[in-house]
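>>> Give the three-dimensional model of this entry:
(one chain, ligands or ions: 1)
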Amino acid sequence: MNFRKLVIASAVLLGACAATPDPGPTMTEWRLVIHGGAGVITREGMSPEKEAAYTAALETALEAGAAVLRNGGSALDAVEAAVIPMEDDPLFNSGHGAVFTAAGTHELDASIMDGRARNAGAVAGVTRVRNPIKAARAVMDKSEHVMFAGTGADAFAEAQGLDMVDNSYFDTDRRRQSLERVLEERARTAADRHGTVGAVAIDQDGNLAAATTTGGMTAKAAGRIGDSPLIGAATYAENGVCAVSATGHGEYFIRVGVAKTICDRVKLAGDGVEAAAESALAEVAELGGDGGVIVLDGDGGYAFVFNSEGMYRGVVDASGARTAIYGGE
Ligand code: ASP
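Model (predicted):
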């Protein structure tokens with residue numbers, strides 16, 4: 001999808017006798033793009049019930065963000081609104097349903113970025129805040145800092161009045177079974193981590209924003225931080241350039257600096273978002289990693305790019321919502 005600008009011409013101004021008619025206020029067409037993780041996601045490995053459940057969850061997230069954008073709300077509010085229902089949904093590896101650490105606990109990472117002034121907020125290794133994305137947003141809005149980690153991050157979230165839970169709130173049987181399998185086989189597959197969620201949006205004023213939130217990787221060591229809370233690795237947004245949210249094997253995404261690399265390719269090399277994303281993911285693959293990204297450009301053009309078998313994903317704009325799961329869709 002390419003350039004999308006809706007020029008609302010004012011009949012009054014067109015009728016006036018100005019030498020150059022003022023086209024009136026310019027409104028960008030809003031759009032929201034989401035992902036629910038990339039990995040070994042194949043038709044063969046999916047039951048019709050599971051496929052329907054993922055599709056419904058993606059549609060719920062799309063509608064939560066679309067409700068903000070449709071009413072003239074900000075891209076920043078929309079990305080936060082879109083990821084909250086996914087954090088609350090045990091299908092995804094973020095919030096309730098997050099993967100377990102090797103110690104049998106949960107340590108969650110999240111980040112959010114506003115493309116207007118490139119403000120950003122992030123939390124890493126939180127264990128008690130119910131919605132880590134809200135904590136990331138609070139770091140951005142209510143502190144002079146960009147990132148908080150561990151107990152300080154939980155304490156900050158609590159002081160901001162966010163909902164706090166016991167760490168066991170994040171438990172699910174499915175993720176416990178993954179932990180047991182990984183510990184027993186001493187091998188982690190891409191299926192043991194997928195489910196990270198993220199969103200990118202452009203609002204009616206042309207502002208961009210991005211958000212990413214995750215439980216990380218099954219059986220990760222205590223204190224391990226992935227790419228998801230790192231601005232420039234999994235999350236980036238700059239108005240007029242691009243917005244990115246990434247999911248995949250975090251260590252590789254950190255080393256490539258995927259989100260910032262994509263935005264730099266768009267800004268400095270003049271690449272389109274798809275080509276920029278493909279080239280950053282090629283670097284990830286060269287190092288041995290896999291995963292995917294969702295990207296929006298400054299005009300609302302978007303791309304889903306992944307080098308794994310599938311990626312839970314969706315897009316919504318004024319023309320409606322679409323979701324997909326497998327490669328080649
Ligand atoms: N990027 C996340 C991490 O490494 C996991 C994922 O997106 O699948 O923590």
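
>>> interface residues of the stretch 101-250 of the chain facing the ligand?
By the rule C-beta under 6 Å from any ligand atom, the part of the stretch 101-250 of the chain lying against the ligand is 193-194, 196, 214, 216-217, 226-228, 247-250. (Glycine included, C-beta is placed from N, CA and C.)

>>> Sort out for me which of those residues are in helices.
G250 (DSSP state H).

>>> want to throw the residues of the stretch 101-250 of the chain next to the ligand into JSON lines with pLDDT?
Formatted as JSON lines, these follow (pLDDT from 0 to 100):
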{"residue": "R193", "pLDDT": "64"}
{"residue": "H194", "pLDDT": "71"}
{"residue": "T196", "pLDDT": "95"}
{"residue": "T214", "pLDDT": "98"}
{"residue": "G216", "pLDDT": "96"}
{"residue": "M217", "pLDDT": "94"}
{"residue": "G226", "pLDDT": "97"}
{"residue": "D227", "pLDDT": "98"}
{"residue": "S228", "pLDDT": "98"}
{"residue": "T247", "pLDDT": "97"}
{"residue": "G248", "pLDDT": "95"}
{"residue": "H249", "pLDDT": "93"}
{"residue": "G250", "pLDDT": "96"}
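
>>> So which of the residues of the stretch 101-250 of the chain next to the ligand is surrounded by the most neighbours?
In terms of neighbours by other C-beta atoms under 10 Å, these top out with T196 at 36 neighbours.

>>> Now do the contacts for that one.
With contact taken as C-beta atoms under 8 Å, 6 or more residues apart in numbering, T196 is in contact with 35-37, 92-94, 212-215, 228, 247.

>>> so which of those would you say is closest to the ligand?
Distance to the ligand, by C-beta to the nearest ligand atom, is smallest for T247 among the contacts of T196, at 3.5 Å.

>>> mind listing the strands for the stretch 151-300 of the chain?
For the stretch 151-300 of the chain, applying DSSP state E, counting those that start in this stretch gives strands covering 197-202, 208-214, 235-238, 242-248, 291-297.

>>> out of those strands, nearest to F100?
Nearest to F100, of all those, is strand 208-214, at 13.0 Å by C-beta to C-beta.

>>> what's the distance between that closest one and the middle of its chain?
From the chain centre to the centre of strand 208-214 is a distance of 4 Å (C-alpha atoms, centre = their mean, to the nearest Å).

>>> Give me the packing partners of it, helices and strands only.
Counting contacts by 3 or more C-beta pairs under 8 Å, 6 or more residues apart in numbering; DSSP states H and E, strand 208-214 packs against helix 75-88, strand 108-114, helix 132-142, strand 197-202, strand 235-238, strand 242-248.

>>> Tell me the pLDDT of M1.
Per-residue pLDDT puts M1 at 34.

>>> residue nearest the centroid of the chain?
G198 (1.6 Å; C-alpha atoms, centre = their mean).

>>> Now for the residue lying closest to that residue once chain neighbours are set aside, how many residues are close by?
Closest residue in space to G198, ignoring its immediate chain neighbours: S245 at 3.0 Å, by C-beta to C-beta, 6 or more residues apart in numbering. S245 sits with 33 neighbouring residues when counted by other C-beta under 10 Å.

>>> same question, R255
Per other C-beta under 10 Å, the neighbour tally for R255 reads 14.

>>> Could you do F304 as well?
20.

>>> Now do the same for the closest residue in space to R118 that isn't next to it in sequence: its pLDDT.
Leaving aside its chain neighbours, R118 sits nearest to E238 (5.9 Å; criterion: C-beta to C-beta, 6+ apart). Note for E238: predicted pLDDT of 98.

>>> quick one on the thing from earlier: hmm, the residue nearest to the centre of the chain is touching Y236, no?
No: in this structure G198 lies outside contact range of Y236 using C-beta atoms under 8 Å: 11.3 Å.

>>> Spit out the residues that contact those two alike.
Residues touching both G198 and Y236 (C-beta under 8 Å, 6+ apart): A210.

>>> circling back to that earlier point, dig out what the residue nearest to the centre of the chain forms beta bridges with.
Beta-bridge pairing for G198 (DSSP bridges): H35, T212.
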